[in-house]
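Participant: Build me a model:
(2 chains)
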Amino acid sequence: MTEDIISVRGTAKSYGKKEVVHPLNFSVKRGEILAVIGPSGAGKSTLLRMLDTIEPASKGEIFLFGEKVTKHSAHRLRNRLGMLFQKTVLFDRTVEENIALGLSYRFVSREETKKRVTEVLENMGMSEYAHRSSRTLSGGEGQRVSFARVLVTKPEILFLDEPTANLDPVATRVLEEMILHENRVNKTTIIINTHDQTQGQRLADRVAVMMNGSFVQFGSSDEVFYHPVNEAAAKFVGVQNIFTGIVRNGSAVSGGVVFGPAPHFPDGIIQIMLRAEDISLSKTGVPEGRISVQGRVVSAERSGAFLNVLVDAGCIFSVNCPFRQTGDTYVPGEIVQIAWRIDAVHLTRSA
Amino acid sequence: MGEITDGFLEAIQLIITMNPEIMEIAGRSLYVSMIATLVAALIAIPLGALIYYYEFRGKRAVINIIQTLYALPTVIVGLLVYLLVSNSGPLGPLKLLYTTNAMIIAQVVLVSPLIVGLTIAALSGLDKEMKYTIMALNARAYRALMTLVREAKYAILSAVVLAFGRAIAEVGAVMMVGGNIRHFTRTLTTAITLNTSMGEFATSIALGIILLMIALMVNLGVNILQHYHGRMKDD
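Facilitator: Alright, predicted model coming up:
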């Protein structure tokens, strides 16, 4: 049995009268990666600071390694924790001195410090940076040095607060690889905050969706991605088609369109969700075994490699198709067929 | 017109020939204000860092009061320190009244709020994440403060230089607690006051030029520091 390395029991945080993190209950197992996704201002950063013991909780308890976080235990526990922030923090010193800072706070000997700093720089392929001034680093390099400064203290739990939010895509991938490597090689437990749902998918074993200070959903990344619990969560993970509909005779219906069977729902109002990428679009026929409707093109615009087409078929559907696969173009007013698989439709009870 | 021109020429002569009394007065001014600034910095920088670092009830009010004290009238400081060191005052037995030490105490009181306040401002200018990063790296409070002060060193040093400028330019407090005694407690500012009232304009102008040159150098120092500070921020 794997132990719960982090256990959060009714933990909440208020600033003045405003509760920014409502009481939370969850636990994390040793070696797990948990992603907390949610929009800015959801309380993700505050939660991480409480878990890292640098900010006291207003309510509830936090247990790390089975020990309760208190004013007295915080310093001792923090020796086994590490935290990386969205904004790269570099001190006006050399790279080597930056990385050694946490060790100097822990009174690690000079020889041991030298050894560990050299080692961590080697692992990151950054040995030649050792004596450079931190001012000369690019954004990605700076964040890697910040990460090295945390790793060199050999944390058992890592808290990463939007570590790649300010980085370009390439630097993001490099840092993500380092994060996964740290988890696999050293079995480090990781909680990462991100507003990028796909990053959650790439890195995490489990995903928590945080909105307005609460976890609205907690599960596997597939669950969160394909079965969001409500409209707000759905919008956050990029579901573009959300319709209010009803269940009639066991089918989900909205705007005269029958979306598919709704076996587990009693008659009544529901939310129907369908990802724009899960809808296919064609001028002629549709593949077998799909639900299809005919509609009229409202607009079509390019978005990166995709063509985003709005189709009026009773409801207005947003459809994303990879542009170069067919090379088809669509003009407003054109009659088209749209189609989707039954399992692409996700239903929730209306709030 | 002739009086001013003559005074000016004589003043230049006094400076070039390094008139012993004028040099003595300038030296005393520098000595008193440098020691006062140094002592104030040693007290005020750690105090400012502590106020910045800790969250406590009434912090905002404390900072407001400190900022108000930037404009503390020098004669009020003079009065306070006078009461403190006069024979009947709590420090009376130390016989400090009309000594350079009393003047140093007065200037420490005068410029400390400035250094405390500007230290807080300098540290507040650092990224909030820097404080969190240091805490997350598990620094004990005093180590955290040392790291933060070191990061804000240029801005804090500017504050200290500015404080020195205020110290050396003030006249009210040193006059009251020093007494402007020739060869003992006379400074550039008190000497200018006295000589002007006696009609000795040449001496006053000479002393004034020296004071201005010191002020100029202080200003230059601040500019250089702010230039370094700015360069650090830009990168």
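
Participant: For the helix or strand harbouring residue A:6, list every residue counted as buried.
Facilitator: Taking DSSP states H and E as the criterion, the element that holds residue A:6 is strand A:4-15. Applying a neighbour-count criterion of 16 or more other Cβ atoms under 10 Å in any protein chain shown, the buried positions in strand A:4-15 are A:4, A:5, A:6, A:7, A:8, A:11, A:12, A:13. C-betas here are computed from N, CA, C, even on glycine.

Participant: again, but for stretch A:304-321
Facilitator: A:306-311, A:313, A:315, A:317-321.

Participant: which residues of chain A score low on pLDDT?
Facilitator: Chain A contains residues with pLDDT under 70 at A:1-2, A:351.

Participant: Near chain B, which residues of it? Just list them.
Facilitator: Residues of chain A lying close to chain B by Cβ under 8 Å from any Cβ of the partner chain are A:49, A:52, A:54, A:75, A:78-79, A:81-83, A:85-87, A:89, A:91-92, A:101-102, A:104-106, A:135, A:146, A:149-150, A:153.

Participant: buried sites along the helix or strand bottoming out on mean pLDDT in chain B?
Facilitator: The helix or strand of chain B with the poorest confidence is helix B:201-234; it has a mean of 82 (mean pLDDT, DSSP states H and E). Buried positions in helix B:201-234, judged by neighbour count with 16+ other Cβ under 10 Å: B:201-208, B:210-211, B:214, B:218, B:221-222, B:225, B:229.

Participant: Go through these and name the one nearest residue A:325.
Facilitator: Checking the buried residues of helix B:201-234 against residue A:325 by Cβ to Cβ gives residue B:229 as the nearest, at 55.4 Å.

Participant: And the helices in the stretch 251-351 of chain A?
Facilitator: For the stretch 251-351 of chain A, the helices defined by DSSP state H, counting those that start in this stretch cover A:323-326.

Participant: which ones are touching the residue in it positioned nearest to chain B?
Facilitator: Closest residue of the stretch 251-351 of chain A to chain B, Cβ to the nearest Cβ: residue A:304 (31.8 Å). Shown in contact with residue A:304 (Cβ atoms under 8 Å, 6 or more residues apart in numbering or on different chains): no residues.

Participant: so how far is residue A:227 from it?
Facilitator: For residue A:304, the distance to residue A:227 under the criterion Cβ to Cβ, to the nearest Å works out to 26 Å.

Participant: In a helix, residue A:40, correct?
Facilitator: No: counting by DSSP: H, G, I helix; E, B strand; the rest coil, residue A:40 is not found in a helix; it is coil.

Participant: So what does the closest residue to it other than its chain neighbours look like in phi/psi?
Facilitator: Spatially, and ignoring its direct neighbours in sequence, residue A:40 is nearest to residue A:195 (6.4 Å; Cβ to Cβ, 6 or more residues apart in numbering or on different chains). Residue A:195 has phi and psi values of phi -100, psi 10 when expressed as degrees, to the nearest 10.

Participant: Please give me every residue in contact with residue A:195.
Facilitator: Residue A:195 is in contact with A:37, A:38, A:39, A:40, A:162, A:165, counting by Cβ under 8 Å, 6+ apart.

Participant: Can you select the buried ones among the residues you listed for me in PyMOL?
Facilitator: With 16+ other Cβ under 10 Å as the criterion, this PyMOL line picks the buried residues out of the contacts of residue A:195:
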select buried, chain A and resi 37+38+162+165
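
Participant: Adding distance to residue B:21, write the contacts of residue A:195 out as TSV.
Facilitator: Rendered in TSV, the data for the contacts of residue A:195 read as follows (distance: Cβ to Cβ, whole Å):
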residue	distance to residue B:21
A:37	76
A:38	74
A:39	73
A:40	68
A:162	67
A:165	66
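
Participant: ok, which stretches of chain B are strands?
Facilitator: Secondary structure of chain B (DSSP state E): no strands present.

Participant: for it, which spans come out with low pLDDT?
Facilitator: Along chain B, the parts satisfying pLDDT under 70 run over B:1, B:229-235.

Participant: which parts of it sit against chain A?
Facilitator: Within chain B, the positions adjacent to chain A are B:127, B:129-130, B:132-140, B:143, B:147, B:150-151, B:232, B:235 by Cβ under 8 Å from any Cβ.
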